[in-house]
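K.L.:
When you get a sec, could you give me coordinates for this:
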Amino acid sequence: MPLTRNQAISTAQVLSEAMPYIQRFVGQTLVIKYGGNAMTDEKLKASFARDIVMMKLIGINPIVVHGGGPQIGDLLERLNIESHFINGMRVTDSKTMDVVEMVLGGMVNKEIVGLINAAGGKAIGLTGKDGELLRARKLKVKHKTPEMEAPEIIDIGHVGEVDRVNVKVLEMLVNSDFIPVIAPIGVDGNGDSYNINADLVAGKVAEVLQAEKLILLTNIAGLMDKDGKVLTGLSTKQVDDLIEDGTIYGGMLPKIGCALSAVKSGVNSAHIIDGRVEHSCMLEIFTDEGVGTLITNRSLG
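P.N.:
Residues are numbered from 1 along each chain as shown. Coordinates of the predicted model:
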């Protein structure tokens, strides 16, 4: 169906607005953590895949890191394996880790690869085991109650944190025009597998690559102040102050913590964006308004 005159003018205006952003980001690396509603809604999945392919076509290098907690929970339930959580983290014994690898490294990873390839891209699916991409170490969880003199260390099984990232694997793929899609499973020196928080993996990958941007898709409109208004642009100091005064708390702290760490470690900007909006990645990167919160060390004036 042909465009009306007004629709054509609107399209031209959008492309014109995007041009300076495209010029600025060509050749740069963007690390995108993919999760939430964007990963489960069919229309949002298709729009995300098209965004990633468009980035690659215009000369930007996207790297996707994905989660999959709900999918893991669903399969564990179907297998009658009970889930336990400590401080919001899934206790992962060997049997649970087998399911995690099956879901993240198999089902979810390959679906994302398929979506990107169907949209015209060239995606390659990886776990941290491939080429020792993600060397992991066991995560030590501390738990303390007011009546305890010292915190206790709790063993939550095969849950890890990133020890190091093998940059050569990613550089090889990016330089060959492939789009890496990473499942957040790491491996230690003994060959044992570990489930790692996808936000943390995305943050570390962005740090070691000194990426232009770290983009975290969420199920909220962005960081909000105490009146419920979205904070569109923040410096790292402002974010530190918001954590200090309790505006940022609870479940958002780990996500904001990894974004803050990335920016303080040399990533130019981190974005907390609303993955419930179609083409949210493109809107955040290539429009003046965006659809979330930007965190940067640069002047926002």
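
K.L.:
now I52: how far from K213?
P.N.:
13 Å (CB to CB, to the nearest Å). The way it works is simple: take the backbone N, C-alpha and C, and place the C-beta from them, glycine included.

K.L.:
G105 too?
P.N.:
26 Å.

K.L.:
The two: which has the busier surroundings?
P.N.:
K213 (25 against 21; other CB atoms under 10 Å).

K.L.:
Spell out which residues sit in contact with that one, please.
P.N.:
25, 28, 30-31, 206, 267-271, 285 (CB atoms under 8 Å, 6 or more residues apart in numbering).

K.L.:
any idea how far it lies from V267?
P.N.:
K213 is 7 Å from V267, by CB to CB.

K.L.:
M19: neighbouring residues, count only.
P.N.:
Neighbours of M19 (other CB under 10 Å): 10.

K.L.:
hmm, I was thinking of Q13
P.N.:
10.

K.L.:
What of A259?
P.N.:
30.

K.L.:
does it sit in a helix or strand, and which one?
P.N.:
helix 252-264 (DSSP states H and E).

K.L.:
was I right about M55 contacting P62?
P.N.:
Yes. At 4.6 Å, M55 counts as touching P62 under the criterion of CB atoms under 8 Å.

K.L.:
Export only the CA atoms of the helix or strand harbouring A202, formatted as PDB.
P.N.:
Counting by DSSP H and E, the element that carries A202 is helix 198-209. The C-alpha trace of helix 198-209 is given here as PDB (Å, rounded to 0.1, in the frame of the first residue of the first chain):
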ATOM      1  CA  ALA A 198      22.800 -11.900  32.000                       C
ATOM      2  CA  ASP A 199      23.000  -8.200  33.000                       C
ATOM      3  CA  LEU A 200      26.400  -8.800  34.600                       C
ATOM      4  CA  VAL A 201      27.600 -10.700  31.500                       C
ATOM      5  CA  ALA A 202      26.500  -7.900  29.200                       C
ATOM      6  CA  GLY A 203      28.100  -5.300  31.400                       C
ATOM      7  CA  LYS A 204      31.500  -7.200  31.500                       C
ATOM      8  CA  VAL A 205      31.400  -7.800  27.700                       C
ATOM      9  CA  ALA A 206      30.800  -4.000  27.200                       C
ATOM     10  CA  GLU A 207      33.600  -3.200  29.600                       C
ATOM     11  CA  VAL A 208      36.300  -5.400  28.000                       C
ATOM     12  CA  LEU A 209      35.300  -4.300  24.500                       C
END
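
K.L.:
Tell me the helix or strand right after that helix.
P.N.:
Downstream of helix 198-209 (by DSSP H and E), the next one is strand 213-218.

K.L.:
Quick check: mean pLDDT of that following strand?
P.N.:
Averaging pLDDT along strand 213-218 yields 92.

K.L.:
partners of whichever helix or strand comes after it in the sheet?
P.N.:
Next helix or strand after strand 213-218 toward the C-terminus (DSSP H and E): strand 233-235. Counting by DSSP bridges, the strands paired with strand 233-235 are strand 292-296 (parallel).

K.L.:
where's the strand it pairs with relative to the chain centroid, distance-wise?
P.N.:
Centroid separation for strand 292-296 versus its chain: 14 Å, with CA atoms, centre = their mean, to the nearest Å.

K.L.:
what's the answer for stretch 171-190, then?
P.N.:
14 Å.

K.L.:
how far does that stretch stretch from start to finish?
P.N.:
25 Å (CA to CA, to the nearest Å).

K.L.:
and if you look at stretch 246-253?
P.N.:
OK, stretch 246-253 end separation, CA to CA: 10 Å.

K.L.:
Next, the buried residues of it.
P.N.:
Across stretch 246-253, burial judged by 16 or more other CB atoms under 10 Å covers 248, 252.

K.L.:
Contacts made by that stretch with the rest, please.
P.N.:
88, 223, 225-226, 239, 242-243, 256.

K.L.:
repeat that for 10 Å
P.N.:
88, 218, 220, 223-226, 231, 239-243, 255-257, 260, 272 (CB atoms under 10 Å, 6 or more residues apart in numbering).
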